[in-house]
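Asks: only the shape, not the letters, is given here:
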């Protein structure tokens, strides 16, 4: 039976059941940010807009997420986390219902922004798990929780592609809203409460975020690196449904979603990556991540119109992206015990702003230059990650 009393870190044992609940909650919640990607063609047809315009749905969702990270996630340092998570799950459900019934494209865009703005639960849970973990196991536990995040990201596309292909895109969002209510109930019953690590005011909480970014070079490097890598990741997944709709593949939303299953390999290696970062250094595995993601785009460039080449590229991209995310999280969560939520805020704001830019440029690259335009966008962001990791911040630990 899980302890529901306030957590004392010195005596509390982070059980496998709690870790599993955290990972599943992260996955089911983060999925809200990606349901739209395999459905963009359907959305474009519903509202009679271009494919590039439909891509704005994904972009606004991620921009909303970045804003939500900035304004809500720092509260994890000063509020009881379980009640905060429950409230946010309820807000997400309302935003998802608005998307599901949106009568016009402008309302859909506003609601998509609100979905992103409220879907910040994973970024409250990750610092919570890092805080409870023993230092020697922190990378491993972060890896497990983050594997839930990536599985959610990938299977969200599978779920929305299959359900949307069969019943239409609106049903996907009705289902998603139901999931949020279900997990709010589970969290209330099963997740233990927490003791806030700080008692500063909300105003001072927000004003302390920028000084953190200025004073921590490791945080700056991780933030820029994460933003660049997630931009290339998002560019691919936003444009994939357009590639599959060409005469070469003749596929639709359902098949685009099924490609998410290919990338689950990246999620499954997350705990292994965490163990390597514990034994060696997270910076070592970040270098591997950048290399793998860059190789994926080389594969997309030359073999993107061949099914086997596309599958190999997806596996490389997802393993690289997951390795980079887990490794960067392991680095920043070791910086400061009392400001973990704010540190995570800085990193994830950069991360998802990068994703928003990548989604926008991926759709734009497709509209004007086709598949090679998408690949150029991805390669550009990988070059940025390389420059900052191997040249500008090469002396960072």
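Replies: Arrived safely. All figures in this text were calculated on a predicted structure; none of them were measured in a lab.

Asks: ok, for residue 114, nearest residue in space, not its chain neighbours?
Replies: In space, and not counting its chain neighbours, residue 114 is closest to residue 95: 4.0 Å by C-beta to C-beta, 6 or more residues apart in numbering. (C-beta placed from N, C-alpha, C; glycine too.)

Asks: after the helix or strand encompassing that neighbour, which helix or strand is next?
Replies: Per DSSP states H and E, residue 95 falls inside helix 81-101. Downstream of helix 81-101, the next assigned helix or strand under DSSP H and E is helix 105-118.

Asks: hang on, the earlier thing: mind listing what's buried along the helix holding residue 95?
Replies: 81-82, 84-86, 88-89, 91-93, 95-100 (16 or more other C-beta atoms under 10 Å).

Asks: nearest residue to residue 149 other than its sequence neighbours?
Replies: In this structure, residue 149 finds its nearest non-sequential neighbour in residue 26, 4.7 Å apart by C-beta to C-beta, 6+ apart.

Asks: tally up the residues packed near the one you found, please.
Replies: 26 (other C-beta atoms under 10 Å).

Asks: also the one 5 residues further on?
Replies: Residue 31 sits with 23 neighbouring residues when counted by other C-beta under 10 Å.

Asks: what does residue 207 give?
Replies: There are 11 residues near residue 207, going by other C-beta under 10 Å.

Asks: gap between it and residue 74?
Replies: Per C-beta to C-beta, to the nearest Å, residue 207 is found 10 Å from residue 74.

Asks: do the same with residue 245
Replies: Distance from residue 245 to residue 74, by C-beta to C-beta: 41 Å.

Asks: show me which of the two is the more surrounded one.
Replies: residue 74 (25 against 18).

Asks: mind checking the SS state of the more buried one?
Replies: helix (DSSP: H, G, I helix; E, B strand; the rest coil).

Asks: same question for residue 35.
Replies: Strictly by three-state DSSP, residue 35 counts as coil.

Asks: ok, it touching residue 160?
Replies: Yes. With contact defined as C-beta atoms under 8 Å, residue 35 counts as touching residue 160 (4.1 Å).

Asks: which residues touch residue 109?
Replies: By C-beta atoms under 8 Å, 6 or more residues apart in numbering, the contact set of residue 109 is 56-57, 60.

Asks: any common contacting residues for residue 35 and residue 160?
Replies: By C-beta under 8 Å, 6+ apart, the residues touching both residue 35 and residue 160 are residue 172.

Asks: give me the element residue 251 is part of.
Replies: Secondary-structure assignment from DSSP H and E places residue 251 in no helical or strand segment.

Asks: ok, and the closest non-adjacent residue to it?
Replies: residue 244 (3.9 Å).

Asks: from what I can see that neighbour touches residue 256, true?
Replies: Yes. Look at residue 244 against residue 256 with C-beta under 8 Å: they come within range, at 5.3 Å.

Asks: re earlier: let me know the closest of the contacts of residue 109 to residue 374.
Replies: residue 56 (16.4 Å; C-beta to C-beta).

Asks: what's near enough to touch that closest one?
Replies: For residue 56, counting by C-beta under 8 Å, 6+ apart, the contacting residues are 109, 360, 363.

Asks: in which helix or strand does the closest residue to residue 258 other than its chain neighbours reside?
Replies: In space, and not counting its chain neighbours, residue 258 is closest to residue 158: 5.9 Å by C-beta to C-beta, 6+ apart. According to DSSP H and E, residue 158 maps onto helix 138-167.
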